[in-house]
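Enquirer: With the sequence up front, the predicted model follows.
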Amino acid sequence: MSSPSSLPDLAAVCGRFPFSGRFVDGRSHGSGHINDTYAVSFDQEGCRRRYVLQRINTRVFKDVDALMENIARVCAHAARRVAADGGPDAARRALTLVPTRDGAPFWRDAEGGSWRAYDFIEGATSFDKIESPAQARVAAQAFGEFQRLLADLPAPRLRETIPHFHDTRRRFDNLERSARADAAGRAAAAAAEIGFARSREALVDSLLGLQASGAIPERITHNDTKLNNVMLDDATGKALCIIDLDTVMPGLALYDFGDMARSATNAAAEDEADLSLVRMQMPVFAALVEGYRAGAGPLLNAAEVANLALAGRVITFEIGIRFLTDFLDGDIYFKTRRPTHNLDRARNQFALLRSMEEQRAAMESLCA
Ligand code: ADP
Ligand code: GN1
Ligand code: MG
């Protein structure tokens, strides 16, 4: 799905939310692949106040009511925890949803677009690419603490916002289906990548097998723990807040760790086309293991810890498969900025998987 070229009427959308002050401007914000995210500024008696407005991707999230019910519950739970912990800066340590003027969690526009608003977390950055092992440690600790937070979420069970989201077997079968259908006439251009995916098919059942055998439990997980879904404080470098809560739902802790390993250990950007730059950085992986274990604490069982390195390979493979499938389907899911963007991303993820395979023994030695 390519990015919209012109801005929607953000002032009009803001009118549906109880923002006070004078609308100053609105612009595209961030580099997420799914929702349309905007930063909107207000002048409140000489002070600038910003909010995040998001048009939810309803092609991806089919049941917005269920999605927003989950998000409202998780935000409220996180806010209660932050308040109970005490300490400064509570407003920046949990994502705060701003209900509409009518008290609803989102607003549906005349074209069917669904809009929500959050307080803007100021003085913080989300990184697309890791800068140091120390940064990996704080990010992983924050995701580990978030895992513990979710373990205490009061019933009922959260709704599944995207069914089978991390069902890697199903993702693989979808790739085969897309390769056969060749809807965009691109299968020939991706023959090498399709062949690579087939050569690693054995990976797709590994986490599902551990779950089926009872070795690893289902938990409530974030499911999209890429590095740019945690905000780090510009002043201290510490983690402030976990964001992008759209896929918080039942899952495996190994999905969360695996996606951190995928997104944070890469020496190159996720869409870097020069594959010689793609490499799994061992010191970053070590920092992730340390940080996640420190954050999640005793919650993780021995089988989860023993399979952290495997999770990195599986999720890197899974996301590679998803990028490749989307390339074959004609770029209908992820935002893209060039015709080969999804193919470049898939190649990149497969190169990262190869690098993890080369360093498998060293990675596994850290997971005991
Ligand atoms: P997507 O699902 O498209 O990835 P995200 O919710 O992750 O959407 O938002 C995209 C980006 O916008 C994030 O990576 C982050 O940089 C920024 N962002 C999101 N929410 C906030 C917020 N409340 N305050 C500041 N920046 C935010
Ligand atoms: C998407 O929304 P964002 O950009 O944080 C995707 C993840 C992928 C990731 C790859 C809902 O994450 O599953 O791992 O892109 N989110 C959804 O960068 O599909
Ligand atoms: Mg995101």
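Expert: That came through, no problem. Residues are numbered from 1 along each chain as shown. Ligands and ions are numbered 1, 2, ... in the order given.

Enquirer: Quick check: closest non-adjacent residue to Arg101.
Expert: On the basis of CB to CB, 6 or more residues apart in numbering, the spatially nearest residue to Arg101 that is not a chain neighbour turns out to be Pro18, at 5.2 Å. All C-beta spots, glycine's among them, are computed from the backbone N, C-alpha and C.

Enquirer: Check the stretch 251-368 of the chain for the residue nearest ligand 3 and tell me.
Expert: Of the residues in the stretch 251-368 of the chain, the one nearest ligand 3 is Ser263, at a distance of 10.3 Å by CB to the ion.

Enquirer: Tell me who's in contact with that residue.
Expert: Ser263 makes contacts with 225-228, 270, as judged by CB atoms under 8 Å, 6 or more residues apart in numbering.

Enquirer: redo that, cut-off 10 Å
Expert: Ser263 makes contact with 127-130, 139, 224-229, 270, 315-316, 319, 349, 352 under the criterion CB atoms under 10 Å, 6 or more residues apart in numbering.

Enquirer: Going along the chain, name the strands of the stretch 1-150 of the chain.
Expert: Using DSSP state E, counting those that start in this stretch, the strands found in the stretch 1-150 of the chain span residues 22-28, 36-44, 47-56, 97-98, 107-108, 114-119, 124-125.

Enquirer: Direction included, what does the first one pair against?
Expert: Within its sheet, and counting by DSSP bridges, strand 22-28 is paired with strand 36-44 (antiparallel).

Enquirer: Kindly report the same for the last one.
Expert: Sheet neighbours of strand 124-125, with direction, are listed as strand 230-233 (antiparallel) (DSSP bridges).

Enquirer: anything in the partner strand near ligand 3?
Expert: No: using CB under 5 Å from the ion, no contact is recorded between strand 230-233 and ligand 3, whose separation bottoms out at 9.8 Å.

Enquirer: Starting from that strand, tell me the next helix or strand along the chain.
Expert: With elements assigned by DSSP states H and E, the helix or strand that comes after strand 230-233 is strand 239-242.

Enquirer: who does the helix or strand following that next one touch, helix- and strand-wise?
Expert: As assigned by DSSP H and E, the chain's next helix or strand after strand 239-242 is strand 249-251. Contacts defined by 3 or more CB pairs under 10 Å, 6 or more residues apart in numbering; DSSP states H and E place strand 249-251 against helix 64-85, strand 219-221.

Enquirer: following strand 249-251, which helix or strand comes up?
Expert: The helix or strand immediately downstream of strand 249-251 is helix 253-264, counting by DSSP H and E.
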